[in-house]
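[1] Fold the following for me, if possible:
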Amino acid sequence: MEHANTPETAIVATAQASLARWIDVLTTVGVAVPARPPLPVLGGVEITWSDNGCTVAGFDYESAIRVNITARCSGAGRAIVNHAQLLKLIKAFGKKTTSTEISLTTSGHVTVSADGMTIPVEVFNLDDYPGLPEKSRVVTSARVDRALWSEVIRRAASVASNDDTLPVLTGIHLVGSGAGVRVEATDRFVLMRATLPADIRHTEFGALISAQTLGKVTRYFDGEIVTIEQCQAGLWRFVSGSVELFTRTLDSEFPRTDHLVSTSFACTATADRATLDALVKRVHKISTITKFDKDDASRVIVRPGRDCLEVLPVVPQEHAALVHVDPCPAEVSGDADATTISGDRLTTALSLFSSSAVAVQIQEPNGGRARPVVFAESDDAALPPDFQVLVMPMRTGDSDGSSGR
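    Next up is the predicted model:
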């Protein structure tokens, strides 16, 4: 690509990569760029050119994301560029564009060149941009398989609450020990737990990381391994391939969860996941239409039977004998009473599995109080063997929870 060589437009640094790569990089660092920045400069991203390559970084004071670009790069320099404008401009070149070049001029301007066009983008004062965190002395670290990490973190992020008034519920809890890295997330009603095999160095650790940040960035990890590091100054560093995330822990303590699951179950029913999911959705929809359950029309009854698992609407006693729903075939061991569960939460739990079958485990009551229903993977090689989803039961209130068979 040719550029006019005047004192103001002379190029001191340039990086060339595919249009798709630039879009991917800018989308990744955009996770750490505020949608409504309190200061204009915080709506920018830092682009650094060097003989070793080009990096793009975003920073919102809570998290910093840096991506190394595999690009043809020459020269050296640094600029803070309007992130939203740059991303829109690159997308505007169209999908047919192959190579895109971002350059820094002697006057400090940044230009984007593609398809015979060179367009300047808005830049901010370098001195106004906050200094990005850098790797410091590592206190503890862990290495986990990126594919397994991605599957578990994606599910954990979907379970975590987005209610900012309860910060403890908006995080993903990571606990490193000799057993690996345990991942937990909850919204108070659904709890997901799994342990990732890991190589733990230095010492055990615990951290509560923003589910929104970790979930979004994990999608762009492109290495075979994810490295987790606790650095000095309260920073945590996550690295995979070309993507690096620095973030702080949430100022909350994740609730203890071990007491919620017993080592034995009163009843375990293993059923085809798709069949059970379809049945739950049908009964849930019917419940919301009939509204027999005046307390909460979203509740359904789960009852293990002989070689089956029943899912029934909550109805008053006088209508119980009139209700019939074909059960879901299942392999059942043990026996347990019916449990009332939110249909929405039951659907959420089943959506976290991709296996053909799922095990529904009903626990013995604890001191007369119902304990969570546990859902476990049956044959999903993409998830850890101890992957579990716990759903809190509900009380039926004025309705007695009876249903016909």
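[2] now the helices: where do they sit in this protein?
    Ranges of helices in the chain, per DSSP state H, are 19-29, 83-92, 146-159, 211-218, 273-290, 343-351.
[3] possible to save the ones you listed as a markdown table with mean neighbour count?
    The C-beta positions use only the backbone N, C-alpha and C, and glycine is treated the same way. Shown next, in a markdown table, are those (neighbours: other CB atoms under 10 Å):
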| stretch | mean neighbour count |
| --- | --- |
| helix 19-29 | 20 |
| helix 83-92 | 18 |
| helix 146-159 | 20 |
| helix 211-218 | 22 |
| helix 273-290 | 17 |
| helix 343-351 | 20 |
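[4] For Glu331, which of the ones you listed is the nearest?
    Closest approach to Glu331 among the helices of the chain (CB to CB): helix 273-290, 12.4 Å.
[5] sorry, back to before: turn the helices of the chain into TSV, columns for distance to Arg369 and mean pLDDT.
    Shown next, in TSV, are those (distance: least, CB to CB, whole Å; pLDDT from 0 to 100):
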stretch	distance to Arg369	mean pLDDT
helix 19-29	45	94
helix 83-92	51	95
helix 146-159	23	96
helix 211-218	28	96
helix 273-290	24	92
helix 343-351	18	93
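[6] Now tabulate those helices in a markdown table and tack on distance to Thr247.
    Shown next, in a markdown table, are the helices of the chain (distance: least, CB to CB, whole Å):
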| stretch | distance to Thr247 |
| --- | --- |
| helix 19-29 | 13 |
| helix 83-92 | 18 |
| helix 146-159 | 13 |
| helix 211-218 | 6 |
| helix 273-290 | 34 |
| helix 343-351 | 26 |
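[7] Go through the ones you listed and name the closest to Gly176.
    helix 146-159 (12.9 Å).
[8] and of the helices of the chain, who's closest to His324?
    Across the helices of the chain, closest to His324 is helix 273-290 (CB to CB), at 11.7 Å.
[9] which other helices and strands contact the closest one?
    Applying 3 or more CB pairs under 8 Å, 6 or more residues apart in numbering; DSSP states H and E, we find helix 273-290 packed against strand 299-305, strand 308-313, strand 328-334, helix 343-351, strand 357-362.
[10] hmm, who's touching that helix?
    293, 297-300, 309, 311-315, 325, 327-330, 343-344, 346-347, 350-351, 353, 355-358, 360 (CB atoms under 8 Å, 6 or more residues apart in numbering).
[11] ok, of those, which come out buried?
    293, 297-300, 309, 311-315, 325, 327-328, 330, 343-344, 346, 350, 353, 355, 357-358, 360 (16 or more other CB atoms under 10 Å).
[12] Next, count neighbours for Asn366.
    11 (other CB atoms under 10 Å).
[13] Equivalent analysis for His109, please.
    16.
[14] Any regions of this protein where pLDDT drops low?
    By pLDDT under 70, the low-scoring segments of the chain are 1-9, 293-297, 378, 380, 395-405.
[15] can we see that at 50?
    Where the chain drops to pLDDT under 50, the residues are 1-3, 397-405.
[16] Quick one: the helices and strands packed on helix 273-290 as a markdown table, columns for distance to Val112 too.
    Listed next are the helices and strands packed on helix 273-290 as a markdown table, based on distance: least, CB to CB, whole Å:
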| stretch | distance to Val112 |
| --- | --- |
| strand 299-305 | 54 |
| strand 308-313 | 55 |
| strand 328-334 | 56 |
| helix 343-351 | 40 |
| strand 357-362 | 49 |
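[17] Between those, which one is closest to Asp199.
    Nearest to Asp199, of these and by CB to CB, is strand 357-362 at 29.5 Å.
[18] how big is the angle separating the closest one from strand 299-305?
    Interaxial angle, strand 357-362 versus strand 299-305 (axes from the mean of the first three to the mean of the last three CA atoms, to 10 degrees): 100 degrees.
[19] So what are the sheet partners of strand 357-362 and their directions?
    strand 267-272 (antiparallel), strand 373-377 (antiparallel) (DSSP bridges).
[20] Which residues are in contact with the residue lying closest to Asn52 once chain neighbours are set aside?
    Excluding the flanking residues, the one nearest Asn52 by CB to CB, 6 or more residues apart in numbering is Cys73, at 7.8 Å. Taking CB under 8 Å, 6+ apart, we find Cys73 in contact with Ala13, Thr14, Ala15, Gln16, Trp49, Ser50, Asp51, Asn52, Gly53, Cys54.
[21] Is it possible to mark the buried ones in those?
    Members of those classed as buried by 16+ other CB under 10 Å are Ala13, Thr14, Ala15, Gln16, Trp49, Cys54.
[22] what would the residues you listed look like in CSV with distance to Ala382?
    Shown next, in CSV, are these (distance: CB to CB, whole Å):
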residue, distance to Ala382
Ala13, 42
Thr14, 41
Ala15, 36
Gln16, 37
Trp49, 39
Cys54, 34
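[23] Quickly name whichever of those residues is closest to Thr111.
    For those, with Thr111 as the reference and CB to CB as the criterion, the closest is Thr14, at 9.1 Å.
[24] what sits against the nearest residue to Gly305 once chain neighbours are set aside?
    The shortest distance from Gly305 to any non-neighbouring residue, by CB to CB, 6+ apart, is to Pro327 (5.9 Å). Shown in contact with Pro327 (CB under 8 Å, 6+ apart): Leu279, Gly305, Cys308, Leu309, Glu310, Val311.
[25] same question, Arg182
    His173, Leu174, Val175, Gly176, Arg193, Ala194, Thr195, Leu196.
[26] try 6 Å
    By CB atoms under 6 Å, 6 or more residues apart in numbering, the residues touching Arg182 are Val175, Thr195.
[27] partners of it in the sheet?
    According to DSSP bridges, the partner residues bridging Arg182 are Val175, Thr195.
[28] and if you look at Asp199?
    Arg143.
[29] thought it was touching Asp145?
    No. The pair Asp199 / Asp145 is not scored as a contact, 10.2 Å apart, by CB atoms under 6 Å.
[30] how about stretch 93-107 as PDB, C-alpha atoms only?
    What follows is stretch 93-107, C-alpha atoms only, in PDB (Å, rounded to 0.1, in the frame of the first residue of the first chain):
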ATOM      1  CA  PHE A  93     -14.100  -2.200   4.500                       C
ATOM      2  CA  GLY A  94     -16.200  -5.400   4.000                       C
ATOM      3  CA  LYS A  95     -15.700  -9.100   4.200                       C
ATOM      4  CA  LYS A  96     -14.000  -9.200   0.800                       C
ATOM      5  CA  THR A  97     -11.100  -7.200   2.200                       C
ATOM      6  CA  THR A  98      -8.100  -9.400   2.900                       C
ATOM      7  CA  SER A  99      -5.200  -7.400   4.200                       C
ATOM      8  CA  THR A 100      -5.500  -4.300   6.400                       C
ATOM      9  CA  GLU A 101      -2.700  -2.100   7.600                       C
ATOM     10  CA  ILE A 102      -2.700   0.100  10.700                       C
ATOM     11  CA  SER A 103       0.100   2.700  10.700                       C
ATOM     12  CA  LEU A 104       1.600   5.400  13.000                       C
ATOM     13  CA  THR A 105       2.900   8.600  11.400                       C
ATOM     14  CA  THR A 106       5.600  11.000  12.500                       C
ATOM     15  CA  SER A 107       2.900  13.500  13.700                       C
END
